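S.K.: can't give you the sequence, but here's the structure:
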DNA sequence: TTGTAAGCGTTATCAG
DNA sequence: CTGATAACGCTTACAA
């Protein structure tokens, strides 16, 4: 097994407290003692045992990021930012995938990691405010995304309704008249999809544009394949549109493939807008117009709020909005 | 603070040992006792403290996956598979990003997490066998990827030379004569790039095809942008080719964009092959022909070897190859 | 079947 | 400046 403080202390002929002092770079250690201890450390190849240290200090130095699926580009990109961000504060990242499942989301909040992590950043997809309120333990928590957060917990999100309105207006202003929304989820199923659809609908209403239930194209599941299938179905069912607001970039990419296969040209026949501005959106042809959430502000804000909670901040949940841009590329050229 | 075994024991009027037995679902507990304890647990909302448990048992239940960058689709997809895989064995995943940097790679091996994790799956990019051998601590370790592994540690990889040969021959057999390789890194810099270039060169040699140093297109850095820039440069420098083997799918996607911008048509003017079969490769137009490593076998094998090591298996490092397919799509149609 | 007590490897308090 | 010694919360012989 690995060497312990005891071993080092024995070899150096001092108490473990002194070794501990050396290891933690405590100032008041006589240089000669320090040298002797250091020699023993080197000889034994001693490395502190994180767990024990963490148990003793009560600080684990780990924060968990619970997200639906790490292979979704948006979340992978977010995780990368979080990881880098917290690394600067000497935290490590524990990734938890919930697969968007109710059971997993509960388990995450239930404090499966009770005592293992100092804080949790969590993007739920199906849990509602009440459930979150009820299930959450004492671990500092910051929520990401579009769910309605309970009043007691911190929450960061993009204004999805405003962004969806901006996307829809952008299509309308380029002269398109029949705008569809891809990614509709029947009532209550999915908070994010719901908000985006609401923004889309409100833009249609405000502009007096054509509105039709057929233009709410449902998707069973998420991702590019589901989107492709959904658009194929809609086209075959005779739904006609010249603009398409998509749930996210993956959906937009799937949609563009379906459109191409059916002989429609983007942007001439149909203008397409995505959401997230994942890296790939710059490499589709044409490039994908998309809502770009300020990922950096999102993670930075979330981590700041989490730190404040971990430092013991009390008080009601705070709710912060971060900005977005509409990045215009070829898919909506007019 | 959270409730502890003590609290529960006090409330239930039993010893902490009994509570512990109930929590760990130890069989021989009198039902009435169990019920009383369970009631106390529920009342207090007791959740076991993972750290303490882990310290006592010596098993932490965490394995780390150290990879260059989580936002790279290939690694994100791999991480997703690993996460799911180990979840089935009740392990959790700690993600470590090395950013392909020497310092970070050392730190990972150095056992920064000494005692925090039960095992480590590590995909190095710059560390060589000797350094790995020297730096690794006592934590069970499995290496992923193309570096030359030291003889003492387990290692799983795809036969990169064979795969690069297959990709190159595929282009040659479709009648192309000037095949370039995108992603060349001058000597020794990058093991993966080196092996793939070697496979490419050996296929050219075996088939007597045209070979030219200009056809080794260098990239500064990785990813789609770097690839796009590299191809633009090569074309401007007058390099001519009708087939292109790319370091990975991202590079291929960047290359296709550069080719399109220069008025070249894929696959008519240039056939393109990628590597990894990331999700997006099915959504480019045309679809991207690519080397598909058997990700599932890769992670499954790695985790199996790691489990064996964590169970105390001794012996020299094992070296396993997992398979690959060449997935043919539109980008190399002839 | 249940309780007592000794760790697990640190940190932290308080004398000396 | 350094040494005992008590936590941290749990598991696990060993007893009862």
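M.R.: Yep, it's here. Note that this is a predicted model, so its numbers are computed, not measured.
S.K.: show me the helices in the stretch 1-150 of chain A, by range?
M.R.: A:5-12, A:16-23, A:31-44, A:50-57, A:73-87, A:102-109, A:129-135 (DSSP state H, counting those that start in this stretch).
S.K.: got the ones you listed as TSV, with mean pLDDT columns?
M.R.: Formatted as TSV, these follow (pLDDT from 0 to 100):
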stretch	mean pLDDT
helix A:5-12	90
helix A:16-23	90
helix A:31-44	89
helix A:50-57	87
helix A:73-87	94
helix A:102-109	89
helix A:129-135	91
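S.K.: could you export those helices as a markdown table, including distance to residue B:268?
M.R.: Using the backbone N, CA and C atoms, a C-beta is placed for each residue, glycine as well. Formatted as a markdown table, these follow (distance: least, C-beta to C-beta, whole Å):
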| stretch | distance to residue B:268 |
| --- | --- |
| helix A:5-12 | 69 |
| helix A:16-23 | 65 |
| helix A:31-44 | 64 |
| helix A:50-57 | 57 |
| helix A:73-87 | 30 |
| helix A:102-109 | 47 |
| helix A:129-135 | 55 |
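S.K.: ranking these by burial, who's on top?
M.R.: Counting by mean count of other C-beta atoms under 10 Å in any protein chain shown, helix A:73-87 has the highest mean neighbour count of the helices of the stretch 1-150 of chain A, with a mean of 21.
S.K.: now for that one, which elements pack on it?
M.R.: For helix A:73-87, the packing partners by 3 or more C-beta pairs under 8 Å, 6 or more residues apart in numbering or on different chains; DSSP states H and E come out as strand A:62-67, strand A:92-97, helix A:249-261, helix A:295-310, helix B:73-87, strand B:92-97.
S.K.: redo these as TSV? Include distance to residue A:282.
M.R.: Formatted as TSV, those follow (distance: least, C-beta to C-beta, whole Å):
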stretch	distance to residue A:282
strand A:62-67	23
strand A:92-97	26
helix A:249-261	10
helix A:295-310	15
helix B:73-87	14
strand B:92-97	22
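S.K.: about what we covered before: okay if I get the helices of the stretch 1-150 of chain A as JSON lines plus distance to DNA strand C?
M.R.: Output for the helices of the stretch 1-150 of chain A, formatted as JSON lines (distance: least, C-beta to the nearest atom of the strand, whole Å):
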{"stretch": "helix A:5-12", "distance to DNA strand C": "3"}
{"stretch": "helix A:16-23", "distance to DNA strand C": "4"}
{"stretch": "helix A:31-44", "distance to DNA strand C": "10"}
{"stretch": "helix A:50-57", "distance to DNA strand C": "3"}
{"stretch": "helix A:73-87", "distance to DNA strand C": "20"}
{"stretch": "helix A:102-109", "distance to DNA strand C": "25"}
{"stretch": "helix A:129-135", "distance to DNA strand C": "29"}
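S.K.: which one of the helices and strands packed on helix A:73-87 lies closest to residue B:247?
M.R.: helix B:73-87 (11.2 Å; C-beta to C-beta).
S.K.: gap between that closest one and the chain center?
M.R.: 8 Å (C-alpha atoms, centre = their mean, to the nearest Å).
S.K.: again with stretch A:263-271
M.R.: For stretch A:263-271, the distance to the chain centre is 31 Å (C-alpha atoms, centre = their mean).
S.K.: try stretch A:325-334
M.R.: Counting by C-alpha atoms, centre = their mean, stretch A:325-334 comes out at 24 Å from the chain centroid.
S.K.: start and end of that stretch, how far apart?
M.R.: 19 Å (C-alpha to C-alpha, to the nearest Å).
S.K.: flag every buried residue along that stretch.
M.R.: For stretch A:325-334, burial by neighbour count (16 or more other C-beta atoms under 10 Å in any protein chain shown) applies to A:326-327, A:329, A:331-332.
S.K.: picking that back up, out of the helices of the stretch 1-150 of chain A, nearest to residue A:305?
M.R.: Between residue A:305 and the helices of the stretch 1-150 of chain A, the tightest spacing by C-beta to C-beta is seen for helix A:73-87, at 12.7 Å.
S.K.: before I go, just wanted to say thanks for your time.
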